[in-house]
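Peer 1: Next come a sequence and a model predicted from it.
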Amino acid sequence: MPSINRRTLLASSTAALIATSGCTALGLSPNSNRGESDPHWVTMYLGDRDETHDVTVTITNPEGDIIFEKDYQLSDSNEADEDATFPASTAPETIVVTVDGMRFERDWPGFEQPPLPCDGANEAGVEIYIENAQDGSPDIRLEADCQSLPGE
């Protein structure tokens, strides 16, 4: 059995290591007390409620792996879908939105966006608006934002 001095030394060394390493040593983000990454979020809106659209949103990381994918059927009776989340640790890079077969590709908004990076308990995400171009074809508008998600 180890001596009391050895246990004391081990305990104080471990405490010092944790204190100097911060939350990341424990797998915690600065905004988390759950031991997991805080989420990014995606909110979908239908701009013209007289329209009906089948939409797929796919988000990939720098390696091209799909980290978020969701299908939507937007109409007057289902014009929004808010706060679909995915882990922040997944490093989103590219957003592909397909509207009725028409593909739109955008970069995940970064620090160059005015509301980013988020502060405090707020999480980064995108609002995707399905709209119509001047010629009547589908178009999208993305807006980066920060918000505090319910239940987080």
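Peer 2: Received the coordinates, thanks.
Peer 1: residue ranges of the helices in the chain, please?
Peer 2: 4-21 (DSSP state H).
Peer 1: quick one: pLDDT of I95?
Peer 2: Note on I95: pLDDT of 95.
Peer 1: if I pick the residue nearest to P39 when sequence neighbours are not counted, what's in contact with it?
Peer 2: Distance criterion Cβ to Cβ, 6 or more residues apart in numbering; nearest residue to P39, sequence neighbours excluded, is T85 at 3.5 Å. Every residue, glycine included, has its C-beta placed from N, CA and C. By Cβ atoms under 8 Å, 6 or more residues apart in numbering, T85 lies in contact with P39, H40, W41, V42, L149.
Peer 1: Which pair of these spans the longest distance?
Peer 2: Using Cβ to Cβ, these reach their maximum pairwise distance at V42 and L149, which is 11.5 Å.
Peer 1: Compare these two (neighbour count), which wins?
Peer 2: V42 (23 against 16; other Cβ atoms under 10 Å).
Peer 1: so that one touches I59, yeah?
Peer 2: Yes - contact criterion Cβ atoms under 8 Å: V42 and I59 qualify, at 7.4 Å.
Peer 1: count of residues packed around the nearest residue to T90 once chain neighbours are set aside?
Peer 2: Of all residues not flanking T90 in the chain, I67 sits nearest, at 4.0 Å (Cβ to Cβ, 6+ apart). Neighbouring residues of I67 were enumerated by other Cβ under 10 Å; the total is 18.
Peer 1: List the contacts of I67.
Peer 2: I59, T60, N61, F86, P87, T90, A91, P92.
Peer 1: what do you get if the cut-off is 10 Å, keeping everything else the same?
Peer 2: By Cβ atoms under 10 Å, 6 or more residues apart in numbering, the residues touching I67 are 40, 58-61, 86-87, 89-94.
Peer 1: Same question for D81.
Peer 2: So D81 contacts V42, T43, M44, Y45, L46, V55, V57, K70, Y72, Q73, L74, I128 (Cβ under 10 Å, 6+ apart).
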